[in-house]
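Asks: need a structure here:
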Amino acid sequence: MLKKLLPFLIIYIFVIVLYCPALSTFFSHDDFFHFKVSLTDGSFGQFIKFFGFYPFEQRQIAFYRPLFREVLYNSFYYLFGLNQIPFRLLSFSIHFINIYLVFSFMQKLLNKKVISYFTSFFFGVTAANVAPFYYLAGGIQTQGATMLILLTLISFIKYLKSKRSKYFSFTLITFILALASHEQSAIIPILLSGLVFLKLKTNRLKKIIKLWPLFLTLAIYVYLNISVIGYSSTETQYQMIFNFKTTIQTLAWYGVWALGLPETFVDYLLPGFGLNPNLMRYWGNYYRIIFPMFFLAILVISILTLNLFLKSKKVFVNKNFLFFLIWFPLGILPVLFLPQHKSSHYLYPSLPAFWGTLGYIIFTGYQKLTNSHPNFSRFFLVSLLTSLALLSITSAILGRTTYWAATRGKIAGRLVQLVKSKYPSLPQGSAIYFTNDPNYPFISEDWGGTSKQAYFALNGEDALQLLYNDSSLRVYYEDLGGVPVNFPEEKIYTLIAQI
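Replies: Residues are numbered from 1 along each chain as shown. Prediction:
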C-alpha cells in the first residue's frame, strides 16, 4: 500500500512546498462579490434558487456556476465567516484528488505508468496552478469542474469495459454536476464520444447515440445560458473576437502558460517580441532561470518531436495522442475567443491533456532515440525533466509576490485587520473613508495611490459590509472621489490605506 501511495505523497509534498503561501492569503476582489451575491435569509427556498437561471441584469452574474460559486460561498460564509483557511484547504484537497484522478485516467487510457506519473506530477506542480490557488474565486470553480470532468471520463471508461448501467448513471450525474460548476465542462460529451472510438472497435455509433441524454442536457444548458442569463454589454473583456490571428495568439499564450511560463509575462511582452524593462525590476533574478529553462524545454521537445516525425510518423496519428491534442483547445474553447479575458486559471481543465500530450511525445521519443543513441537519449530526458521542473518551480515561487490575486489577497488581509482593530464595531449607516498613504512611492497613474489599490482588493464596499454584516455601511476611497459632500461628518471613520 505504501509503495502505491509513495509517488502521490511525493507529488503532494512538492505541491505543498510550492503553494503553501496560498493558505495564508486572504480573500480579495471577486471573492467578496461572490460572498455578497450568495447571501440568503437562511431559508431552504432561497438556497434552492441558486440552481435557477437568471438574467445578467438581475444578479450581475454572467455564467451558470452555482455548485462551486453560490452554494460553496454561501455555505462557507455561514460556517466560517471571512476565514480563508477552510476555503484554501478545500482548494488543496480538490487539487490532490485531481492529481490522483489524472493518474487513474491516464492508466485506464494508456496503461503506461511512466507517462501517468509524469502527467500527474506536472499537472500538480506546474506554475499554471498559481492562478487556481491564489485567484480563489475562479480557481475553485475550475478545480471542482475538472474533478467532475475526470470522474465522468473514468466512470464512462468503466461503463464501456463492464457495460454495467450503474456506471452510465454515474456518468450522467457527474456530467450534470460538472455543468453546474463551470461552462468548460461542456466538452464532456465530445470527450466521451472520443473515448468510444478509443475503447471500442465495434458498435461505436450505437454507444455514441446512447449519449443522447448528455447532448440534450448540454443543448438546453447552452440555450439557457445564452437566452436567459446572457452577458454584460458594458464589460468589454467579455466581448468575443473571432479573428484567426488573435485566436492563435491566445491559444499560444495558454500553451506557454501550461508549460510553466508565469502568467504575468503577458504584461511585459511588447509588440515585435520586445521586453518591457520593468520585467527585470519586478521579476528580479528569477528571469535568469525562467527564460533559459523555458527555451531549453522547447528545444529538447522540438528535437524529440522532429526525430519522431522523421522515424515514425504513425506516432502522430495515434488515437490517444489525437484525443489529448483535441482535448486541450476544446477545454479552453469557452474563453478562447475572449482575448481580453485571458487567465491561466481557465487552463486547469485542459492541463491533463497538455501534459498527457507532452508525456506521450517525450517518452515515445525517448524510446525511439534510445535504440540508436542510448547515452544521448538519457542526457536529453534528464535535461528536459530538469528544465520543466525548474521552470515551474521558479515561476510558482515568483507568483507568490507578483501574481495580482496573491498581492491583492495580502492587501485585503492587512486592511481588514486594520479596520477591525481600530473600529471593532460601527453604528448602522456609518462610512469608512480610506485615504492615500503619503509614504507609498508613486508607481504609475494607472496604479494610483493606496486607496485605489484598497478599492480593488476589497471590491468597493463588499468586504467591509461582509465583515460588519451591515449592508448600510458605506466605504469611500480618496482616489475614487472621496466622501460625498452631503454625508454626515460624524458618521465618517477615516483610515490611511496602508498596503
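Asks: who touches the least confident helix or strand in the chain by mean pLDDT?
Replies: Using mean pLDDT, DSSP states H and E, strand 274-275 stands out as the lowest-scoring helix or strand of the chain, at a mean of 82. Here strand 274-275 makes contact (C-beta atoms under 8 Å, 6 or more residues apart in numbering) with 268-269. In this view, the C-beta of every residue, glycine as well, is placed from N, C-alpha and C.
Asks: Please list all residues in contact with the residue nearest the centre of the chain.
Replies: By C-alpha atoms, centre = their mean, the chain has its centre lying nearest to residue 345, at 2.2 Å. Going by C-beta under 8 Å, 6+ apart, residue 345 touches 131-132, 135, 138-139, 142.
Asks: From the residues you listed, pick the one nearest residue 58.
Replies: residue 138 (21.7 Å; C-beta to C-beta).
Asks: what's the burial count for residue 302?
Replies: Applying other C-beta atoms under 10 Å, we find 10 residues neighbouring residue 302.
Asks: and after the helix ranked longest in the chain, which helix or strand comes next?
Replies: For the chain, the longest helix by residue count, based on DSSP state H, is helix 374-402. On the C-terminal side of helix 374-402, the closest following helix or strand by DSSP states H and E is helix 404-422.
Asks: Please enumerate residues in contact with that following helix?
Replies: By C-beta under 8 Å, 6+ apart, the surrounding residues in contact with helix 404-422 are 21-22, 25-29, 82, 84, 130-131, 134-136, 264, 399-401, 432, 434, 453-454, 456-458, 463-464, 467, 495, 497-499.
Asks: For the protein, give me the ranges with low pLDDT.
Replies: Counting by pLDDT under 70, the chain contains low-confidence ranges at 1, 233-237.
Asks: can you give me the strands for the stretch 151-300 of the chain?
Replies: Ranges of strands in the stretch 151-300 of the chain, per DSSP state E, counting those that start in this stretch, are 269-270, 274-275.
Asks: and of those, who's closest to residue 444?
Replies: So among the strands of the stretch 151-300 of the chain, strand 269-270 is nearest, using C-beta to C-beta, at 16.2 Å.
Asks: what's in contact with that closest one?
Replies: Contact partners of strand 269-270, identified using C-beta under 8 Å, 6+ apart, comprise 275-276.
Asks: Measure how far it is from the centre of its chain, please.
Replies: In terms of C-alpha atoms, centre = their mean, to the nearest Å, the centre of strand 269-270 is found 24 Å from the chain centre.
Asks: For the residue nearest to the centre of the chain, which non-adjacent residue is closest in space?
Replies: With sequence-adjacent residues excluded and distances taken as C-beta to C-beta, 6 or more residues apart in numbering, residue 345 is closest to residue 131, at 3.8 Å.
Asks: Spit out the contact partners of the one you found.
Replies: By C-beta under 8 Å, 6+ apart, the contact set of residue 131 is 138-139, 263, 343-345, 347, 403, 405.
Asks: Dump the contacts of residue 345 to TSV, plus secondary structure.
Replies: Shown next, in TSV, are the contacts of residue 345 (DSSP: H, G, I helix; E, B strand; the rest coil):
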residue	secondary structure
131	helix
132	helix
135	coil
138	helix
139	helix
142	helix
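Asks: so can I have a markdown table of those residues showing distance to residue 172?
Replies: As requested, the contacts of residue 345 are exported to a markdown table (distance: C-beta to C-beta, whole Å):
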| residue | distance to residue 172 |
| --- | --- |
| 131 | 30 |
| 132 | 27 |
| 135 | 31 |
| 138 | 27 |
| 139 | 27 |
| 142 | 22 |
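Asks: coming back round to it: select, out of the strands of the stretch 151-300 of the chain, the one closest to residue 249.
Replies: Nearest to residue 249, of all the strands of the stretch 151-300 of the chain, is strand 269-270, at 10.6 Å by C-beta to C-beta.
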